[in-house]
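Visitor: generate coordinates for the sequence data below:
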Amino acid sequence: MHYKNIVWNLIGLGLPLIIAALTVPGLISIVGTERFGLLALAWGLIGYAGALDLGIGRALTQRIATLRSGTSAAVIPDVVTTAVTLTTAIGIAGFVAIILGASVGLQQFIPRQNVPASEITYALLLLALAIPMQAVSATYRGVNEAYLNFRGISLLRVGLGVANFGGPYLIAQFTHELHWLVSTLVASRALALIIYRISARGCLEGRQTGNYAKAQAVQLLRFGGWVTVSSVISPFLVQADRFFVGFLLSAAAVTSYVIPYEITVQAMILVGAVTTVAFPAIAALMQEGLARTWSLFRIWTLRVAAMMAVVMSAMAVLMPTILNLWVGKYVAAESVSVGRILCAGVFLNSIGAMFYAFLHAQERAKLTAIFHVIELPLFVGMLYWLVQGYGVIGAAVAWLFRVSIDTLLLGGAVYRLRRVEGITHAVK
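Guide: Presented below is the predicted three-dimensional model:
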């Protein structure tokens, strides 16, 4: 694993946070807490859409990383074409599903006070367009990650970060209507898809265009099938808390929860910068033996744990100051407590993310999928009970409970895998 790849990842994930820090307070003051809460739900839905690719993007990264270090590199174009075909079909299906949902009035279940129903409907229809874009973009991003093109990915992420927060802020200077705010998110995803595709084709330079291959589709879906379960459930586990807060409390309550949530959870960019590089690196090292693979994983997991322990402890102590400096009068009384609870969860989640990357690189996606299936009903039940009884603080406690269970399950699986494979000499 090259440090420069981690640095590029950190740049791509970190600079958008600076844009958010500069624009979110002004955006809240212009559009109000209710519209900002609805915009936060739109961000969540777009983030969820990026995972609705049946796990093919991640399967593609693992497959290409393995093929590149072997003797079958000639089939890579067929693998890419097959993956793009599959995710395009999936994206179109998601688009149709959102349109049908809007046509029967599902958006009416979103609590609102001063925002017209028509704004929410138009915004939802626009978000439907992002579904196929996000699905196919995930596939092309998988190609770039397999070829370790983290510089290109990072530069694009910076652009998306600017559009994600700067776009709505710019539009808010002229209109507060929700669908116009959301339109900037959709437009930026369309541009990102084009750039991801061009960059992926650059990675495949010198190779002819591939063909759809049923055998490759089966192999991708075999790995991606279990990733699909995680890809569908995992974003729900990540985003469900804000939706439960919105449905059971109010859109304004979403703002008081999302602000400390975004501050704390965005610290995961430090971990994401490592795991995104670790995944293809571990998959490639599998060709050289499990001993080297485990050694690399162990070193970086310890580094991540130490780094996040320091970062999250400092953030928990400074939470009141951070919130006041960032959004000032828009900080709800419970937001400090929410942020501190989430700090503990983010630390545990950072270790779990390393376990998750290791298991996927070892083609153990089935295990992570089963764990997510186990966690889903527990988390939903906890959310419903705790949000109704304790509001946004209850949502934070439920999230902490979920990531604790997740990390324990993933860590246990990695430990058992190490024992089964007999890799004990690397652990003292």
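Visitor: next secondary structure element downstream of the strand or helix carrying residue 23?
Guide: Applying DSSP states H and E as the criterion places residue 23 in helix 3-49. Counting by DSSP H and E, the next helix or strand C-terminal to helix 3-49 is helix 56-68.
Visitor: which is the next helix or strand following that next one?
Guide: Following helix 56-68 in sequence order, the next helix or strand is helix 76-103 (DSSP H and E).
Visitor: now do the helix holding residue 23 against helix 76-103, angle only.
Guide: Angle, helix 3-49 to helix 76-103, by axes from the mean of the first three to the mean of the last three CA atoms, to 10 degrees: 30 degrees.
Visitor: which stretches of this structure form helices?
Guide: With helices called from DSSP state H, the chain shows them at 3-49, 56-68, 76-103, 117-146, 150-161, 167-172, 178-203, 214-248, 251-265, 269-285, 290-326, 335-361, 365-421.
Visitor: which stretch in those helices has the least confidence?
Guide: Sorting the helices of the chain by mean pLDDT places helix 269-285 lowest, at a mean of 70.
Visitor: wait, what's in contact with residue 109?
Guide: By CB atoms under 8 Å, 6 or more residues apart in numbering, the contact set of residue 109 is residue 247. Every residue, glycine included, has its C-beta placed from N, CA and C.
Visitor: repeat for residue 384
Guide: 244, 248.
Visitor: let's see it at 10 Å
Guide: 244, 247, 248, 394, 398 (CB atoms under 10 Å, 6 or more residues apart in numbering).
Visitor: which of those residues sits closest to residue 168?
Guide: For those, the residue nearest residue 168 by CB to CB is residue 247; the value is 22.4 Å.
Visitor: pretty sure residue 352 sits against residue 412.
Guide: No - using CB atoms under 10 Å, residue 352 makes no contact with residue 412, being 11.2 Å away.
Visitor: what sits in contact with each of those two?
Guide: With CB under 10 Å, 6+ apart, residue 352 and residue 412 have common neighbours residue 371.
Visitor: show me which of those two is the more surrounded one.
Guide: Shown here are residue 352 and residue 412; by other CB atoms under 10 Å, residue 352 has more neighbours (23 against 13).
Visitor: any idea how this protein splits into domains?
Guide: Domains of the chain are assigned by the TED database as 1-221, 250-427.
Visitor: ok, residue 82 - contacts?
Guide: Residue 82 makes contact with 56, 60, 63, 75, 139, 210-221, according to CB under 10 Å, 6+ apart.
Visitor: now do the contacts for residue 123.
Guide: With CB under 10 Å, 6+ apart, residue 123 has these contacts: 38-39, 41-42, 45, 102, 107, 115, 177-183, 185-186.
Visitor: next one: stretch 410-420 to chain centre, how far?
Guide: 25 Å (CA atoms, centre = their mean, to the nearest Å).
Visitor: tell me which residues are up against it.
Guide: So stretch 410-420 is contacted by 290, 294, 297-298, 301, 348, 351-359, 362, 364, 367-368, 370-371, 423-424, 426-427 (CB under 10 Å, 6+ apart).
Visitor: in that stretch, what's buried?
Guide: Across stretch 410-420, burial judged by 16 or more other CB atoms under 10 Å covers 410, 411, 413, 414, 417, 418.
Visitor: quick check: the gap between the fifth one and residue 294.
Guide: Residue 417 is 9 Å from residue 294, where distance means CB to CB, to the nearest Å.
Visitor: correct me if wrong: residue 138 contacts residue 86.
Guide: No - counting by CB under 10 Å, residue 138 stays clear of residue 86, with 11.4 Å between them.
Visitor: before we move on, the earlier item: among the buried residues of stretch 410-420, which two are most distant?
Guide: For the buried residues of stretch 410-420, with distances taken as CB to CB, the pair at the greatest spread is 410 and 418 (12.9 Å).
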